[in-house]
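Enquirer: Okay, sequence plus prediction incoming.
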Amino acid sequence: MSCEIIVKNGNGENYSNGNGKIKDDKPNFFNEMNSSPPRTSSPCFSYFGENFTFEIIEDIKKYLFERTKIRPKIGIICGTGLGHLAENLTNVDSFPYEDIPNFPISTVSGHAGKMVFGYLNNVEVMCMQGRFHYYEGYPLSKCSMPVRVMKICGCTHLIATNAAGGLNPSYKVGDIMIVKDHINIMGFAGNSPLQGPNDPRFGPRFPPMDRAYDPHIVKIAKEVAKEMNMGNEIQTGVYTCVGGPNYETVAELKMLKLFGVDAVGMSTVHEVITARHCDMKVFAFSLITNMCYTDYDDNEEANHDEVVNIGLKRQDRITEFVTKVVTEINLDLNKKH
Ligand SMILES: O=P(O)(O)O[C@@H]1C[C@H](O)[C@@H](CO)O1
C-alpha cells in the first residue's frame, strides 16, 4: 500500500513525502518544526509544531468582521447534538469552517461545522456549531484555537457545552451537569493546548487554573435552573476529558470515579484552559447522554448515535437554559459599564 502525505507550508505550497510511497525513515518533526510551519490539508495529520500566531488569529477576526456587523461579548461552543442552540439565533451571519482562513474542518456527526454570529434574546453572541476534538487528529492547540478567535473578536465570556457520560450514580440520562471544576487527565500525560512557545499577548506562561469555572456564573446558572424548575434534572460536578474516540473500559471508569470525576467526555478541558489563559470568564455544562457503568455485570454500552439523539431530545430545554444564562450574563456586563 502506498500513501502520499501532502501538507502546505505557510506560503500555501504543497509538500509531499516524496514519490507517493511511505518513506522507510520516520519524518523528523524536530527539523520540520524549525522550518516554516506547514498547514495540514488533512485533519488526520497532526503537526506538533503547528503554530496559530497572534497575527493568524487577527487575520481570522478580520475575515469575520469584514462580513458581520455583530460584535459579541459572549462565545458559545455547541457540543455533540447541541447545535440546535445556534439554530435559535436571529439575524445570523454564518460562516462554514471551510470558508474561514486557517480554520480546521469538523469531521464528527452532530457537529455542523459553522461559526454563527447572531442574537440570542437580543444579546450578540458568536457560536461554534461544532467543535474540534483531539481524536480527529488535531493537536489540542488547534482544537482550542477558535477560543482565541472569540477572545480577539471581543468575547469576555465563554460558554462551553458538551455531551458526556455520567459516572456519578445519582445522575440520569438527560441531566444537565454544571461543571464546577475539571481534571485535566491529558495534561497529566504532558499534553496541553498551551504547549510550546508562549505569546504573552494571549496570556501568561503559567496561568492559574483554580476557579477556572466562574463561581458567579455558576450561581447565576443555578438560579436560572431553579426558576425553570429544573430541580431534578440539574447537577453540579467535576468533568474530565479523555482522548477518545473509544469510550472507556470498566477499569478506567472505576479509576475516574475514584479520582472524583462525575462526568467524562472528550472535549472542553483544553478549551477552558485556553480561555482562562486569555482571561475569559468561563461557564460550562455537560448534557449526560449515557451512564458509565463500573460493574462488569452491566451490559450497557455507550454509542455515538445515542449521544446525538439525547442531545436532540433535550435541545429545547437546553436552548431555553442557555438563553436565560446568556441574558443574565449580559445584564451583568451592562451593569459593569
Ligand atoms: O463535542 P462533545 O464533547 O460534546 O462530544 C462528545 C465526545 C465525543 O465527541 C462524542 C462521543 O459520542 O460526544
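Expert: Structure's in. What do you need? As the structure is a prediction and not an experimental result, all values here were calculated from the model.

Enquirer: from what I can see Glu227 touches Val325, true?
Expert: No: if you go by C-beta atoms under 8 Å, Glu227 and Val325 don't touch, sitting 10.9 Å apart. Where you see a C-beta, it was placed from the backbone N, CA and C, and this is true even at glycine.

Enquirer: Of those two, which one has the most company?
Expert: More crowded of Glu227 and Val325, by other C-beta atoms under 10 Å: Val325, with 24 against 10.

Enquirer: Now the host helix or strand of the more buried one: buried residues?
Expert: In this assignment (DSSP states H and E), Val325 forms part of helix 315-336. By neighbour count with 16 or more other C-beta atoms under 10 Å, helix 315-336 contains the buried residues 315, 318-319, 321-330.

Enquirer: Stretch 53-67 too?
Expert: Buried, per 16+ other C-beta under 10 Å, within stretch 53-67: Ile56, Ile57, Asp59, Ile60, Lys61, Tyr63, Leu64.

Enquirer: How is the fourth one assigned, secondary-structure-wise?
Expert: Using DSSP: H, G, I helix; E, B strand; the rest coil, the three-state assignment for Ile60 comes out as helix.

Enquirer: Pretty sure it sits against Phe103.
Expert: Yes: between Ile60 and Phe103 there is a contact at 7.0 Å, judged by C-beta under 8 Å.

Enquirer: roughly how far out does the helix holding Val325 sit from the chain middle?
Expert: 19 Å (C-alpha atoms, centre = their mean, to the nearest Å).

Enquirer: how about it, does it reach the ligand?
Expert: No: contact of helix 315-336 with the ligand is not found when judged by C-beta under 6 Å from any ligand atom; the minimum separation is 11.7 Å.

Enquirer: ok, residues contacting that helix?
Expert: 73-74, 76, 81-82, 84-85, 88, 120-121, 123, 125, 156-157, 159, 161, 176, 216-217, 220-221, 223-225, 227-228, 230, 233, 283, 287, 311 (C-beta atoms under 8 Å, 6 or more residues apart in numbering).

Enquirer: Could you do stretch 61-69 as well?
Expert: Asp93, Phe95, Ile100, Pro101, Met115, Phe117, Val149, Ile152, Cys153.

Enquirer: repeat that with 10 Å
Expert: 70-71, 91-95, 99-103, 115-118, 124, 126, 148-154 (C-beta atoms under 10 Å, 6 or more residues apart in numbering).

Enquirer: I would like a PyMOL command selecting only the buried ones among those, please.
Expert: Burial among those is assessed by 16+ other C-beta under 10 Å; the matching PyMOL selection reads:
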select buried, resi 70+92+94+95+100+103+115+116+117+118+124+126+148+149+150+151+152+153
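
Enquirer: Turn the buried residues of helix 315-336 into CSV, including pLDDT.
Expert: Supplementary listing: these in CSV, determined by pLDDT from 0 to 100:
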residue, pLDDT
Gln315, 95
Ile318, 97
Thr319, 97
Phe321, 97
Val322, 98
Thr323, 97
Lys324, 98
Val325, 98
Val326, 98
Thr327, 98
Glu328, 98
Ile329, 98
Asn330, 98
